[in-house]
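J.: After the sequence you'll find the predicted model.
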Amino acid sequence: MTEPNSRRLVQSVLVSLNGVTSEPLTWAGPFFGPGSAAHSLAVLKASGALLMGRRTYEIFARQWPSTPGEYADYLNAMPKYVFSSTLDRAEWPNTTVVPGGVVEAVTALKQAGGRDLIIYGHGQFGQTLGEAGLIDELSLTVVPVFVPEGTPLYRAGVSAQTWQLISAGPGADPGLAALTYRRTPGVPGRLASGMQ
């Protein structure tokens, strides 16, 4: 959980009706229009830095440097941290490679203060932070599709976690639903290790 005077860590996740979060570009795109674009930009502008594992970094570093528009401009310019024990250096501008000590490094970033830290998706990196109790807010955008196969939001072996529903309602575009949760105080996650 966030200590007084530290900044929050917000996890933003696209999830299908049957709980799949992997490869959202292959199934979520048709439901995203101007409303979602405006909402995504507002969330990004409220954030002070983007945190990611290696897989997300590799996808984003290919896509965003050459993409025009305000969202891409802001994303390219903002501070970014990629947590990886196998990546030597980051080619994406304004990106710092953090080679180890995920929990310790993210804790330090939160304690540094400033605007929110944000994570997109829920891969191994996000699961590690969730297990460590470092994610303060979970923002789910539910996409009205059933995905035949893929990685679920929470996988086997994850310790029990309790969240409090803060808001629920329609998403930024027709068909989407928006759910916001905050970690229940006093219910820590089990420390876990792992990076991509």
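T.: Arrived safely, thanks for sending.
J.: neighbouring strands for the host helix or strand of residue 15, and are they parallel or not?
T.: Applying DSSP states H and E as the criterion places residue 15 in strand 9-16. With DSSP bridges as the test, strand 9-16 is paired with strand 116-120 (parallel), strand 137-143 (parallel).
J.: hey, C-alpha coordinates of that strand in CSV?
T.: Output of strand 9-16 as CSV, limited to C-alpha atoms (Å, rounded to 0.1, in the frame of the first residue of the first chain):
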residue,chain,number,x,y,z
LEU,A,9,0.8,2.9,-8.4
VAL,A,10,-2.2,2.5,-10.9
GLN,A,11,-2.6,-0.6,-13.0
SER,A,12,-4.7,-0.2,-16.2
VAL,A,13,-5.9,-3.4,-17.7
LEU,A,14,-8.0,-4.4,-20.7
VAL,A,15,-9.9,-7.6,-19.9
SER,A,16,-12.3,-9.7,-21.9
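J.: for this structure, longest helix please?
T.: Longest helix in the chain, counting residues (DSSP state H): helix 34-45.
J.: still on that earlier bit, what sits up against the strand holding residue 15?
T.: Contacts to strand 9-16, defined as C-beta atoms under 8 Å, 6 or more residues apart in numbering, come from residues 2, 21, 24, 27-28, 43, 47, 51, 106, 110, 116-122, 126, 129-130, 134-143, 145-147, 150, 153. Using the backbone N, CA and C atoms, a C-beta is placed for each residue, glycine as well.
J.: Now do the helix or strand of the chain with the lowest mean pLDDT: distance to the chain's middle.
T.: In the chain, no helix or strand scores lower on mean pLDDT, DSSP states H and E than helix 124-131, which sits at a mean of 88. Here helix 124-131 is found 10 Å from its chain centre; the criterion is C-alpha atoms, centre = their mean, to the nearest Å.
J.: Report the inter-axis angle for it versus strand 9-16.
T.: Using axes from the mean of the first three to the mean of the last three C-alpha atoms, to 10 degrees, one finds that helix 124-131 and strand 9-16 are set 120 degrees apart in direction.
J.: right, and residue 45 touches residue 75 too?
T.: No: the criterion here is C-beta atoms under 8 Å, and residue 45 misses it with residue 75 at 10.2 Å.
J.: out of those two, which sits in the busier spot?
T.: residue 75 (22 against 12; other C-beta atoms under 10 Å).
J.: what about the strands in this protein?
T.: Applying DSSP state E to the chain gives strands spanning 9-16, 47-53, 80-83, 95-98, 116-120, 137-143, 163-170, 177-183.
J.: what's the angle from the fifth one to strand 47-53?
T.: Note on geometry: by the same axes, to 10 degrees, strand 116-120 and strand 47-53 are set 40 degrees apart in direction.
J.: Average pLDDT for strand 116-120, rounded please.
T.: On average, the pLDDT along strand 116-120 is 96.
J.: With just CA atoms, put that strand into PDB.
T.: Extracted in PDB, the C-alpha atoms of strand 116-120 (Å, rounded to 0.1, in the frame of the first residue of the first chain):
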ATOM      1  CA  ASP A 116       0.900   8.600 -10.200                       C
ATOM      2  CA  LEU A 117       3.000   5.700 -11.600                       C
ATOM      3  CA  ILE A 118       1.100   3.700 -14.200                       C
ATOM      4  CA  ILE A 119       1.300   0.100 -15.500                       C
ATOM      5  CA  TYR A 120      -0.500  -1.200 -18.600                       C
END
